[in-house]
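**Student:** requesting a structural model of the entry that follows:
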Amino acid sequence: MRLNNYRIAGRATALMLAGAVILSLTAMPAAAKPKQESGKISQTDFNKSMRKLWEDHLTWTRLYIISAAGNLPDKDATAARLLQNQTDIGNAVAQFYGQPVGDKLAGLLKDHIIGAAALIEAAKSGDKAKIDT
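**Tutor:** Coordinates of the predicted model:
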């Protein structure tokens, strides 16, 4: 059973990483023209900021999976920080594409994280029906 839980946690990690890669590639299409209004950051600064945010995304995702799988006491705090990272990514995108786009992206990312967390919990409890949905 424990090996099966590790396999499922591994799949959840792979799904989260794949989602992060896809989103990072689509977050700023090459043909898109960023908004350049006074007080906005440059594209170079945007790229540096996004790289840091996605590195944080990977770090907090990994920490959450470890905490959730091990029922560690920091699980809820780690989950809250991971969800905050999704808001941070949305806010960074909003500087170029506007707040509604940033809010939409943050919402989609949070849904992704919450779904993956539910998958981890289903794997831990052995709930095959929830895993398969």
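**Student:** going forward, measure contacts between C-alpha atoms and count neighbours the same way
**Tutor:** OK.
**Student:** now Y64: how far from D111?
**Tutor:** 15 Å (C-alpha to C-alpha, to the nearest Å).
**Student:** and the two? which has more neighbours close in?
**Tutor:** Y64 (23 against 14; other C-alpha atoms under 10 Å).
**Student:** now that one. Nearest residue, chain neighbours left out?
**Tutor:** T78 (5.6 Å; C-alpha to C-alpha, 6 or more residues apart in numbering).
**Student:** hmm, the one you found is touching W60, no?
**Tutor:** Yes - the criterion here is C-alpha atoms under 8 Å, and T78 meets it with W60 at 6.8 Å.
**Student:** could you count how many residues lie near the residue nearest to Y64?
**Tutor:** Using other C-alpha under 10 Å, T78 has 21 neighbouring residues.
**Student:** please apply the same query to A68.
**Tutor:** A68: 21 surrounding residues under other C-alpha under 10 Å.
**Student:** same deal with N91?
**Tutor:** N91 has 20 neighbours, counted by other C-alpha under 10 Å.
**Student:** now do the contacts for it.
**Tutor:** Going by C-alpha atoms under 8 Å, 6 or more residues apart in numbering, N91 touches Q99, G102, D103, A106.
**Student:** how about D103?
**Tutor:** Residues counted as contacts of D103 (C-alpha under 8 Å, 6+ apart) are T87, G90, N91, A94.
**Student:** D74 now?
**Tutor:** Per C-alpha under 8 Å, 6+ apart, neighbours of D74: S67.
**Student:** what residues sit buried inside stretch 107-116?
**Tutor:** Using 16 or more other C-alpha atoms under 10 Å as the test for burial, stretch 107-116 gives G107, L109, K110, H112, I113, A116.
**Student:** just the residues you listed now: which is nearest K48?
**Tutor:** L109 (19.7 Å; C-alpha to C-alpha).
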